[in-house]
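[1] Provided below for reference: sequence and predicted model.
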Amino acid sequence: MNEHDMLEKEEIFSKVLRAGRRTYFFDVRSTKADDYYITITESKKFTEEDGSFHFKKHKIYLYKEDFAAFADILDEMTSYVLNHKGEEVISERHQKDFKKEYTDKPLEENETRSTESFTDIDFDDI
C-alpha cells in the first residue's frame, strides 16, 4: 500500500469548527487493525508584531471504549457552565488585553478592583 492509500485509509470523516483565532478539527481515523477512533485538534493562530503568524496545535485521541464516558462528562461540563453562567458571551473577555480582577471579598456598590496581581496563563505554560 503506498503513502497516499495509507492517508486515504486513515482519514475517514472530518468536520471543522472555526471559532475566531481557534479552529477545531474533528477527524475519524482508522487504526492499523481497521478500527475507528476520533482525533480532536485545536489550532490557534498567533500573530507576531511584524505581521507574520504561526499556529499552535493541540491534539487529543479519543477511542471507542471512552466515547460514552467522554460524552457524558462533556455534556455535564457544558450544562454546568451554561446553568451557572448562561449562554451570553461576555465579549470584553475575548479581547487580547482583558484582565480579570481577583479578590476574596465581594465588591461594594460602585467599587473597583486593581489588576496588579493578575497572571496571564496559557495552556503552553502548564
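    Perfect, I can see it now.

[2] ranges for the strands of the chain?
    11-19, 22-30, 36-47, 53-63 (DSSP state E).

[3] just the angle between the third one and strand 11-19, please?
    Angle, strand 36-47 to strand 11-19, by axes from the mean of the first three to the mean of the last three C-alpha atoms, to 10 degrees: 40 degrees.

[4] list the helices and strands strand 36-47 packs on?
    Applying 3 or more C-beta pairs under 8 Å, 6 or more residues apart in numbering; DSSP states H and E, we find strand 36-47 packed against strand 22-30, strand 53-63. Yep, even glycine has a C-beta here, placed from its N, CA and C like the rest.

[5] which one of those strands is the most hemmed in?
    Highest mean neighbour count of those: strand 22-30, a mean of 15 (counted as mean count of other C-beta atoms under 10 Å).

[6] by contact count, what packs against that one?
    Against strand 22-30 (3+ C-beta pairs under 8 Å, 6+ apart) you get helix 3-10, strand 11-19, strand 36-47.

[7] Extract the C-alpha trace of that strand and format it as PDB.
    Extracted C-alpha coordinates of strand 22-30, given in PDB (Å, rounded to 0.1, in the frame of the first residue of the first chain):
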ATOM      1  CA  ARG A  22      -9.100  29.000  17.000                       C
ATOM      2  CA  THR A  23     -10.100  26.200  14.600                       C
ATOM      3  CA  TYR A  24     -11.200  22.800  15.800                       C
ATOM      4  CA  PHE A  25     -10.700  19.800  13.600                       C
ATOM      5  CA  PHE A  26     -12.700  16.600  14.300                       C
ATOM      6  CA  ASP A  27     -11.500  13.600  12.400                       C
ATOM      7  CA  VAL A  28     -12.500  10.000  12.300                       C
ATOM      8  CA  ARG A  29      -9.400   7.900  11.600                       C
ATOM      9  CA  SER A  30      -8.600   4.300  11.200                       C
END
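
[8] Residues touching the longest helix seen in the chain, excluding its own?
    The helix spanning the most residues in the chain, taking DSSP state H as the definition, is helix 67-85. Helix 67-85 has contacts (C-beta atoms under 8 Å, 6 or more residues apart in numbering) with 38, 62.
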